[in-house]
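[1] I would like to see how this sequence folds:
(chains A, B, C and D)
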There are 2 protein chains.
Amino acid sequence: MGRALRADAERSVRLILEAAERVLAADPGATLEQIAEAAGVARTTVHRRFANRQALLEALTESAERQLAEAIEEARPDTAPPLVALHRVTANVLRVKGAWSFALGHPAAQACTTGAVWAGVNARCLELFGRAQREGLFHPEADLEWTRRVYYALIGEALNDARGRDPESLAALVADTLLHGVGQRPGAP
Amino acid sequence: MGRALRADAERSVRLILEAAERVLAADPGATLEQIAEAAGVARTTVHRRFANRQALLEALTESAERQLAEAIEEARPDTAPPLVALHRVTANVLRVKGAWSFALGHPAAQACTTGAVWAGVNARCLELFGRAQREGLFHPEADLEWTRRVYYALIGEALNDARGRDPESLAALVADTLLHGVGQRPGAP
DNA sequence: ATTAACTGCAACACGAATGACGCACATAGC
DNA sequence: GCTATGTGCGTCATTCGTGTTGCAGTTAAT
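    Numbers count the residues shown, from 1 in each chain, chains lettered A, B, ... in the order given. Have a look, this model is predicted:
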């Protein structure tokens, strides 16, 4: 690795990554030219900071993944009661995934650094879910892998649904749907 | 519109559309060349049948949407009891979406023919859900739009999950998850 | 203040994908 | 069997995205 970047160069990198997220979210096949324009830099600068398109994509994914992992840890998923942890993690993840929906939503994301970060996130998730199951929050026979997929899918839908609702209420909606579905509830009058 | 195609030409169209689905599902940026090869025709033939890439994509989407709409109608969603209809529709949709996951899963799908078919499908879905709600299958205060999105998302996940399971059991999983979630159920011992 | 790093700009090379030909051959439909 | 239609093949032009280079001017870091 080369030596540290100068301050303005680091600022360029940040601007480019943020622009890439915006532009690629709107059109996954967008040009480096378009990204550069959105970032307010010349296309050559993009090439200077990132060897090729692939490298840019990887850097984008890695940046977003790091933020996602941080957001999850921030929610202390293994010290709070499962239901509380579920709400907190969900709200935090909604925030990060909302801001980096392309970088985190793309299949290329998993295959990047052989998906080390994703494996960690998935493990964290299953950890929490396992605890939720043992403590009686989840159905004892629930398939946790299926549960995880449903959970991710609900988060994805909640993001599209974001009609001005804040992450907190969206998280509540996700958690409630995950736990109880949309059916009539047995104990209801 | 020109006159009717000859039988072999229509066969070419079908082969190309099926190949496009296969190839594009694996790589959305795939070349017309690759599609032609997978279809067993020359690239020029693809150009003869479809003016440009865009036209091919639209034809692909339209074909898949028509099949989806047919599959839904085939399940008679408004004559059977809601729970039965839900299972039948889900199983049929899983079959079609499994076979045309690219054509139906892409965002371009909705924007195609101004999404007339999609509007119909969504309406059919909401119709069924409204009945399910009135007849006590769904929670009386469930947000049907959110419910629809969750339903679509569950179907999408079920397709990724298809570890050799048949559409029937996947449909059962989707319906159960939609109705009751994965939480511990109140009446359980 | 000096130096090393960074940027924008212009220009270029390169490859890939697209799309349009014409031609010879086959095949469906009557 | 005749004819219109369809196909494969080879070829060509064009466009577009990518990546590189050199240079002049600017800015951060010491």
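[2] how close does A:Ala91 sit to DNA strand C?
    A:Ala91 sits 35 Å away from DNA strand C, going by C-beta to the nearest atom of the strand, to the nearest Å. C-beta: built from backbone N, CA, C; applies to glycine.
[3] and that residue, what helix or strand is that in?
    helix A:82-99 (DSSP states H and E).
[4] How about A:Val23?
    Going by DSSP H and E, A:Val23 is in helix A:7-26.
[5] got a list of contacts for that helix?
    A:5, A:30, A:34-36, A:38-41, A:45-46, A:49-50, A:56, A:59-60, A:63-64, A:99-103 (C-beta atoms under 8 Å, 6 or more residues apart in numbering or on different chains).
[6] how about it: buried residues?
    Within helix A:7-26, the residues that count as buried by 16 or more other C-beta atoms under 10 Å in any protein chain shown are A:12-13, A:15-21, A:23-24.
[7] Let me have those residues in CSV, adding distance to A:Ala119 as columns.
    Output for the buried residues of helix A:7-26, formatted as CSV (distance: C-beta to C-beta, whole Å):
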residue, distance to A:Ala119
A:Ser12, 31
A:Val13, 26
A:Leu15, 30
A:Ile16, 27
A:Leu17, 23
A:Glu18, 26
A:Ala19, 29
A:Ala20, 24
A:Glu21, 23
A:Val23, 29
A:Leu24, 24
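[8] Name the nearest of the residues you listed relative to chain B.
    Comparing those against chain B with C-beta to the nearest C-beta places A:Leu24 closest, at 13.0 Å.
[9] helix or strand right after the helix-or-strand element of chain A with minimal mean pLDDT?
    The helix or strand of chain A with the poorest confidence is helix A:108-111; it has a mean of 57 (mean pLDDT, DSSP states H and E). Proceeding N to C from helix A:108-111, the next assigned helix or strand is helix A:116-134, under DSSP H and E.
[10] roughly how far out does the helix holding A:Val23 sit from the chain middle?
    Computed by C-alpha atoms, centre = their mean, to the nearest Å, the chain-centroid distance of helix A:7-26 equals 17 Å.
[11] Only alpha carbons, please: show that helix as PDB.
    Provided in PDB are the C-alpha atoms of helix A:7-26 (Å, rounded to 0.1, in the frame of the first residue of the first chain):
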ATOM      1  CA  ALA A   7      -6.500  15.700   2.800                       C
ATOM      2  CA  ASP A   8      -8.000  17.000  -0.500                       C
ATOM      3  CA  ALA A   9      -7.500  13.600  -2.100                       C
ATOM      4  CA  GLU A  10      -9.300  11.900   0.700                       C
ATOM      5  CA  ARG A  11     -12.100  14.400   0.300                       C
ATOM      6  CA  SER A  12     -12.300  13.500  -3.400                       C
ATOM      7  CA  VAL A  13     -12.600   9.800  -2.600                       C
ATOM      8  CA  ARG A  14     -15.500  10.500  -0.300                       C
ATOM      9  CA  LEU A  15     -17.300  12.700  -2.800                       C
ATOM     10  CA  ILE A  16     -16.900  10.100  -5.500                       C
ATOM     11  CA  LEU A  17     -18.200   7.300  -3.300                       C
ATOM     12  CA  GLU A  18     -21.200   9.300  -2.300                       C
ATOM     13  CA  ALA A  19     -21.900  10.300  -5.800                       C
ATOM     14  CA  ALA A  20     -21.500   6.700  -7.000                       C
ATOM     15  CA  GLU A  21     -24.100   5.600  -4.500                       C
ATOM     16  CA  ARG A  22     -26.600   8.200  -5.700                       C
ATOM     17  CA  VAL A  23     -26.000   7.700  -9.400                       C
ATOM     18  CA  LEU A  24     -25.800   3.900  -9.400                       C
ATOM     19  CA  ALA A  25     -28.900   3.600  -7.300                       C
ATOM     20  CA  ALA A  26     -30.800   5.400 -10.000                       C
END
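[12] picking that back up, out of the buried residues of helix A:7-26, the closest to DNA strand C would be?
    A:Ser12 (3.1 Å; C-beta to the nearest atom of the strand).
[13] what pLDDT does that closest one get?
    Looking at A:Ser12, its pLDDT is 98.
[14] separation between it and A:Ala116?
    Plainly put, A:Ser12 is 27 Å away from A:Ala116 if you go by C-beta to C-beta, to the nearest Å.
[15] can you check A:Ala26 too?
    For A:Ala26, the distance to A:Ala116 equals 29 Å [C-beta to C-beta].
[16] now do A:Arg185
    For A:Arg185, the distance to A:Ala116 - C-beta to C-beta - is 41 Å.
[17] Between those two, which has more neighbouring residues?
    A:Arg185 (14 against 11; other C-beta atoms under 10 Å in any protein chain shown).
[18] can you pull the contacts of that one?
    Contacts of A:Arg185 (C-beta under 8 Å, 6+ apart): B:139, B:186.
[19] for it, helix, strand, or coil?
    Classification of A:Arg185 by DSSP: H, G, I helix; E, B strand; the rest coil places it in coil.
[20] who in chain A is up against DNA strand D?
    Within chain A, the positions near DNA strand D by C-beta under 7 Å from any atom of the strand are A:6-8, A:31-33, A:43-44, A:47, A:51-54.
[21] Report pLDDT for A:Gly164.
    70.
[22] Pull up the gap between it and chain B, please.
    14 Å (C-beta to the nearest C-beta, to the nearest Å).
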